[in-house]
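**Q** fold the following and give me the result.
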Amino acid sequence: MKRYFVDELKLVYQERIASAARAEATAAEGAEQIRSESTRSEDAKAAAMEGRLSSGHRRRRKQAVVEMETLLEFSEKGLRRFKPTDRVNIGAMVDVRIEDEAGEEERTLFFLPVGAGEELSGPGGDGFVVVVTPKSPVGSALMGARVEDSFEIVIDGRDREWTVVDLG
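**A** Here you go, the predicted structure:
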C-alpha cells in the first residue's frame, strides 16, 4: 500500500514539474514577444514582469525536481514496515486521532521526506492519506512518537490533541 501512495505522489510531482515548465515557457514567450514588438517604456515594464514571472515558474519547477529526486532516492531504498512498538520515523504510515472542542476525527498520515500537505487517494478512490514531513508542525511533533503517545498542536488558531493510534 505504501508503494501505491509513493507512486501517487510521484504523479503529483510529475504534474507540478510539467505545469511549471509550461507556465515558464509561456511567460518567457510573452516577455520575448513584448520586447520584440514594442519600444514604449510601459511595454518594457510588462516584458520585465513577464520575465520575473518566468523566473518564478523556473524556481518552482526546479524545486519540484529536487523534491521528486528526494522522493525517488528515498523510495529506492525500500519502504520499511513499521511494527506498532516502533517509533514514528520517515516511511511510517501513522493513524492518529485528533481531538478538539468540536469533536474527534481519525486520519492516516504518511511520513515522507517531501510532499507535506498532499492528500493522496487510495486505490479506486478508497480513502486517503495526508503526507507529513519532518519540517511540518505535525511531522515535527510525530517524529519519534510511539503508539498511544499524545501531543498538542495549534493549527489555524485551533489547539488540538493528536494521539498516535497505530503505526505501520
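
**Q** pretty sure residue 82 sits against residue 166.
**A** No - look at residue 82 against residue 166 with CB atoms under 8 Å: they stay out of range, at 9.6 Å. (Each C-beta comes from the backbone N, C-alpha and C, glycine too.)

**Q** comparing the two, which residue is more hemmed in?
**A** residue 82 (20 against 15; other CB atoms under 10 Å).

**Q** can you tell me the SS state at that one?
**A** When classified by DSSP: H, G, I helix; E, B strand; the rest coil, residue 82 comes out as coil.

**Q** now do it, the pLDDT please.
**A** Confidence at residue 82, expressed as pLDDT, is 95.

**Q** got it, and residue 89?
**A** pLDDT for residue 89: 96.

**Q** same thing with residue 143?
**A** Checking the pLDDT column for residue 143, the value is 95.

**Q** outline the domain layout of the chain.
**A** For the chain, the structural domains run 2-76, 93-167, going by automatic domain parsing.

**Q** of all those, which has the lowest average per-residue confidence?
**A** Among those, domain 2-76 scores lowest, at a mean of 84.

**Q** which among the domains of the chain is found nearest to residue 86?
**A** domain 93-167 (6.1 Å; CB to CB).

**Q** distance between the ends of the closest one?
**A** 6 Å (CA to CA, to the nearest Å).

**Q** next one: that domain to chain centre, how far?
**A** 13 Å (CA atoms, centre = their mean, to the nearest Å).

**Q** how about JSON lines for the domains of the chain, with distance to residue 86 added?
**A** Output for these, formatted as JSON lines (distance: least, CB to CB, whole Å):
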{"stretch": "domain 2-76", "distance to residue 86": "14"}
{"stretch": "domain 93-167", "distance to residue 86": "6"}
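
**Q** now name the helix or strand holding residue 164.
**A** Using DSSP states H and E, residue 164 maps to strand 158-167.

**Q** thanks again, I'm all set now.
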